[in-house]
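1. okay, sequence plus prediction incoming.
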Amino acid sequence: MDLDLSSEQQEFQKMMRSFVDDAIRPHAESWDRDGELPMDAVAQMAGLGLFGLVFPEEYGGSGAELLTLCLAIEEIARVDSSLAITLEAAVGLGAMPILRFGTEGQKAKWLPSLAAGAALAGFGLTEPDGGSDAGATRTTARLGDDGRWVVNGSKAFITNSGTPITSFVTITAITGERDGRKEISAIIIPNGTPGFEIGRPYQKMGWHHSDTHELAFNDCRVPEENLLGARGEGFKNFLRILDDGRIAIAALAVGLAQGCVDESLSYVHGRSAFGRSIGTFQALQFKIADMALKTDLARQSFYRAAWLKEQGRSYRKEAAMAKLYASEIAVEVARDAVQIHGGYGYIEEFAVCRHYRDAKILEIGEGTSEIMRLLIARELGLPEG
Ligand SMILES: Cc1cc2nc3c(=O)[nH]c(=O)nc-3n(C[C@H](O)[C@H](O)[C@H](O)COP(=O)(O)OP(=O)(O)OC[C@H]3O[C@@H](n4cnc5c(N)ncnc54)[C@H](O)[C@@H]3O)c2cc1C
């Protein structure tokens, strides 16, 4: 396995780094304070083709590998996790289900605007009563006499569902019963459909300027052809989507951790205590060495998972391992970065303060750490409890 990035990927990474430094870094703190998705920044990211990176050229994408998207997410997350998750969710959760499971008609209808970043879409699996146990979905969709799906229920915490450019959310819903079990299907619900209500944005601990809403469906009617993938395959297909999403979340976690390493390195050079630079204290040097070590190992773990996927090999366990490890070290590294900054680490003007708040969700979203451990245990052949 070759761990070197290709020359195109190295150039892309360099371009991303200078874009992030010029267009995102100067504003990240105020965007976080305002708590609204900065649509100008989304448009700039769209202008760079970031939303279309992994989509085929026929839909306006550039046909790149998942690793290239991960590099973009990592670079953005070094500075701004809210924008990084906006990109990750837009591509991995919003658009990818259409590419993987959509009909030619659905792809032609939705993908070009999603790949251009002119539109965003949400992925509605979690419900107010449960996310880890996503198979316990309560939302229903029955085919009405007029041949349309009538959807009732609600979804919780849906990213990118209420932005000014959101065009639809794909949800899982019970569409019947099969062999005595719930039949769960995926259905596309365009924003603006009568009976589809988008709740107020959540007041979150972190990811302040990413867009997250609760969604309610009250006799919401959509055409039968809005079924995405085969009837009854919705739950299984959504879980497959999450395997790729976990590699991208690991990249986001690595970016955040790297941002904390960078900030800490620069801080210790400029701060003195007891007549010496704090960078000369071995206690802090060891802390930073450990932070860099964990970040590097986490990076290798998502590179490996992305590589396995590109080889067409099984990568479910490795994606879960990368997500689990990277998210947990991101929380540790962010906590240590705050410690290294002393009191200033607790002040919002210092990026590590925001990174610490932004890190926690990484252990929860797209499968909690507990669910990752369960998944890895299953992949190792251990029985269900
Ligand atoms: C900001 C944000 C954005 C999100 N974006 C989306 C989105 O776009 N789309 C979407 O569908 N969802 C989204 N989510 C939801 C997220 O994926 C869920 O919050 C997550 O999967 C956990 O589900 P839950 O909150 O219902 O917790 P629960 O499932 O209620 O879990 C509570 C606790 O119990 C533990 N637990 C549960 N089952 C087990 C078990 N079998 N063994 C051991 N421990 C267990 C969990 O690990 C956790 O610690 C988002 C959440 C947030 C906060």
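-> Happy to help now that I have it. Model, not experiment: these values are computed from the prediction.
2. the closest residue to residue 271 other than its chain neighbours: neighbouring residues, count only.
-> Excluding the flanking residues, the one nearest residue 271 by Cβ to Cβ, 6 or more residues apart in numbering is residue 278, at 4.9 Å. For the C-beta atoms, the positions are set from N, CA and C on the backbone; glycine is no exception. Residue 278: 19 surrounding residues under other Cβ atoms under 10 Å.
3. quick one: is stretch 170-190 near the ligand?
-> No. In terms of Cβ under 6 Å from any ligand atom, no part of stretch 170-190 sits within range of the ligand; the closest distance is 8.4 Å.
4. average pLDDT for that stretch?
-> Taken as a whole, stretch 170-190 carries a mean pLDDT of 95.
5. circling back: identify the residues contacting the residue nearest to residue 271.
-> Residue 278 makes contact with 268, 271, 272, 284, 340, according to Cβ atoms under 8 Å, 6 or more residues apart in numbering.
6. phi, psi of the second one?
-> So that's residue 271. phi -110, psi 140 (degrees, to the nearest 10).
7. measure it to the ligand for me?
-> Plainly put, residue 271 is 33 Å away from the ligand if you go by Cβ to the nearest ligand atom, to the nearest Å.
8. and what of the fourth one?
-> When Cβ to the nearest ligand atom is the yardstick, residue 284 and the ligand sit 32 Å from each other.
9. so that residue, which state does it fall into?
-> helix (DSSP: H, G, I helix; E, B strand; the rest coil).
10. surely it and residue 268 touch.
-> Yes. Using Cβ atoms under 8 Å, residue 284 is in contact with residue 268, at 5.8 Å.
11. joint contacts of the two?
-> Common neighbours of residue 284 and residue 268 (Cβ under 8 Å, 6+ apart) are 278, 340.
12. circling back to that earlier point, of the contacts of residue 278, buried ones?
-> 268, 284, 340 (16 or more other Cβ atoms under 10 Å).
13. residue of the stretch 101-250 of the chain closest to the ligand, please.
-> Residue nearest to the ligand within the stretch 101-250 of the chain (Cβ to the nearest ligand atom): residue 131, separated by 2.2 Å.
14. thought that residue was touching residue 157?
-> Yes. Counting by Cβ under 8 Å, residue 131 touches residue 157, with 7.3 Å between them.
15. show me the contact partners of stretch 31-45.
-> 19, 23-24, 27, 51, 76, 80, 82-83, 86-87, 117, 120, 163-165, 201, 208-211, 348, 354.
16. make it 7 Å
-> 23-24, 27, 51, 82-83, 86-87, 117, 163-164, 208-211, 354 (Cβ atoms under 7 Å, 6 or more residues apart in numbering).
17. stretch 110-117 now?
-> Contacts for stretch 110-117 (Cβ under 7 Å, 6+ apart): 42, 45-46, 50-52, 55, 59-61, 94-95, 98-99, 119, 121, 167.
18. so which of these sit within helices?
-> 42, 45, 46, 98, 99 (DSSP state H).
19. just the helices in the chain please.
-> 7-19, 28-34, 39-47, 66-77, 81-88, 96-101, 104-115, 234-270, 282-310, 316-340, 351-359, 369-379.
20. give me whichever of the ones you listed is most buried.
-> helix 81-88 (a mean of 28; mean count of other Cβ atoms under 10 Å).
21. mind checking the pLDDT average for that one?
-> 98.
22. and for stretch 104-120?
-> For stretch 104-120, the per-residue pLDDT averages 98.
23. and if you look at stretch 223-239?
-> 96.
24. ok now it, how far from the chain's centre?
-> Stretch 223-239 has its C-alpha centroid displaced from the chain centroid by 21 Å (Cα atoms, centre = their mean, to the nearest Å).
25. end to end, how far does that stretch reach?
-> Counting by Cα to Cα, to the nearest Å, you get 24 Å between the two ends of stretch 223-239.
26. repeat for stretch 74-91
-> 14 Å.
27. touching, residue 244 and residue 93? I think so.
-> No. With contact defined as Cβ atoms under 7 Å, residue 244 does not reach residue 93; the gap is 9.4 Å.
28. domain assignment for this structure?
-> 7-120, 121-231, 236-379 (automatic domain parsing).
29. all good on my end, thank you.
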